[in-house]
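In: Any chance you could fold what I've pasted below:
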Amino acid sequence: MKFIGGERIPYELQDHIIAQLEGDGKTLATCSLISSRWFERSRSLMDISLVTYIERDGYIPPRAMDLITLLDAPHSTLGRFIQKVSILGPDVAWISLEEFDRGSKYAYEEYSWISQEAKHQLGSLSSLLTITWIEVNFDTLADLVQFTGRCFRNLRDLRIDRLRLDKGSESESSISAWDPNTFPSLRALTLLGEDTTAPFFSSSSTIFPVHNIDTLYLTFRLQYVSGPYLLRSILDATAPNLSALTLDTSPCRSFSYPISLSQMVKLKFLRIATKIDPSLVEWFTETLDSNSKTSKLEVFCFCIHERDLEDLDFPSMERALLGLNASVITAFLDNDHGTESPLAEKVIQGMPGLSMTGRLRVKALPFEDDIFQM
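Out: Residues are numbered from 1 along each chain as shown. Now for the predicted structure:
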C-alpha cells in the first residue's frame, strides 16, 4: 500500500488500521484477500467459532468433519488462526442418582478419553490462546500438563473442570520434577477443586508461572478437610499479581477460615460466587476486612438467596463492604426465577449507609454460565 506520492505506508500503521476493524468480520474477511500480510493480520482478529458435539458412538457431525479435513489438508494454515478450543466430555446428567450412588465407577467411565489422533490434531493448533478441558480422562496429571504446556506455548487461559485420571493423582514429590516453564504465557487459570486437581492447588508455584497469573476462577464442590489449606496455597502463591479473583466454595462448608486478601495489592475485580447465608456472614466479613487498604479494587460482587434475607446480619455485612475501595458493589440475588425480584429492595434497606454512597447495585442472579461476565 502506498501514498499518492509513492511512499509505502509503514507496516506498523497498516496493522494499526486493520486493528480498528476488530469485530467487523465481513470487512476483515475482505481485507484478508488483499495481500499475504493483510491475510495474517486480518485473520488473527476474526472471531470464528464452531460449536459441535461428538456422540458417544463416535459419530462426528458434518461441520466438525469439515474442520478436521481442513486441518489435515496438505499445506493447511487453518490451525494458526484457531485461538480457543473447549473439549467437553459426554454429558453424564442422564445417570440417575440411584445409579450414581451405587458406585462412582459408572460415572467415571463416561468421561471422554482424549485419543492420540485427537491430540495430534489439537497439537497442530499452534496459536491457541484458550483451552478448556471438561469431563475428560487422562492417564495422569502430568500427561495433561505436559501435552497442554508443550503444544500450546502461547496459551494464556487454561480451564479444567471435572477431570479424571486413570492412574491416580501424582504425589507432590513427583510434581516437583516438572518444568516450571511449561506455561510461559499463561495469565488466567480456572480450576475445579477435586482429588485429581489437588496438586494444582498445593504445588501451583511448581507447575505454573504464578508470577504471571493475574486471573483466577476457583471452585470447590466437594467436602475437603484440606480444602482451606489447598485454597490458601494457590492464593498465597498468586496473590502479588492477581487483578481478578472469582471464588466459589458452594456447597462446601469446610471453608470456615477467612481468606486473606492483604497481599493482593493489584486486585481490581473480586467476585464471591458462594451464596452468603447467615452461617457464612462471619467468614464473609473477616475475609473482606483483610483486604489491603492500598488495593486497587474497583468491582466487588457477591451472591445471596432471597430465602436468607430475613436472617442475614446486614449491619455487619455493610460495615465490611464500606471498608472496601470498590466503586461498584453488586449483590446478585438468587430468587429461583432469574428475573428481578421486589425483594431486592430489602437488600438496599438492609444496608442504607452503603446505598447512600451510590455504590450498591442489586441484580438478579444470571444463569450459571453467564455469572460475573464483565
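In: Using CSV, write down the CA coordinates of stretch 11-18.
Out: Provided in CSV are the C-alpha atoms of stretch 11-18 (Å, rounded to 0.1, in the frame of the first residue of the first chain):
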residue,chain,number,x,y,z
TYR,A,11,3.6,-1.9,8.2
GLU,A,12,3.0,-0.7,11.8
LEU,A,13,0.5,1.8,10.6
GLN,A,14,-1.2,-0.8,8.4
ASP,A,15,-1.5,-3.1,11.3
HIS,A,16,-3.0,-0.3,13.5
ILE,A,17,-5.6,0.5,10.8
ILE,A,18,-6.6,-3.2,10.5
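In: buried stuff in it?
Out: Under the neighbour-count criterion of 16 or more other C-beta atoms under 10 Å, stretch 11-18 has 14, 18 buried. All C-beta atoms are positioned from the backbone trio N, CA, C, and that covers glycine.
In: Let's test this: mean pLDDT of that stretch, rounded?
Out: Averaged across stretch 11-18, the pLDDT comes to 85.
In: Can you give the distance of it from its chain's centre?
Out: 32 Å (C-alpha atoms, centre = their mean, to the nearest Å).
In: what residues does it touch?
Out: 1, 28, 31, 37-38, 41-42, 45 (C-beta atoms under 8 Å, 6 or more residues apart in numbering).
In: same thing but 10 Å
Out: For stretch 11-18, contacts defined as C-beta atoms under 10 Å, 6 or more residues apart in numbering pick out 1, 8-10, 27-28, 31-32, 34-35, 37-38, 40-42, 44-45.
In: Buried members of these into ChimeraX, please.
Out: Only the buried members of these enter the following ChimeraX selection, criterion being 16+ other C-beta under 10 Å:
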select :28,31,32,38,41,42,44,45
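In: Spatially nearest residue to residue 275, not counting backbone neighbours?
Out: Take residue 275 and drop its neighbours on the chain: the residue closest to it by C-beta to C-beta, 6 or more residues apart in numbering is residue 303, 4.7 Å away.
In: Can you check my assumption that the one you found lies in a strand?
Out: Yes. Residue 303 sits within a strand when classified using DSSP: H, G, I helix; E, B strand; the rest coil.
In: what's across from it in the sheet?
Out: residue 275, residue 332 (DSSP bridges).
In: That one contacts residue 276, doesn't it?
Out: Yes. With contact defined as C-beta atoms under 10 Å, residue 303 reaches residue 276; the gap is 6.7 Å.
In: Next up, identify which helix or strand residue 324 is on.
Out: Secondary structure assignment for residue 324, by DSSP states H and E: no helix or strand.
In: what about it, neighbour count?
Out: 21 (other C-beta atoms under 10 Å).
In: Give me the pLDDT value at the residue nearest to residue 266 when sequence neighbours are not counted.
Out: In space, and not counting its chain neighbours, residue 266 is closest to residue 243: 5.3 Å by C-beta to C-beta, 6+ apart. Per-residue pLDDT puts residue 243 at 94.
In: residues in contact with residue 243?
Out: 187, 213-216, 264, 266-269, 296-298.
In: And the pLDDT at the residue nearest to residue 275?
Out: Reported pLDDT for residue 303: 91.
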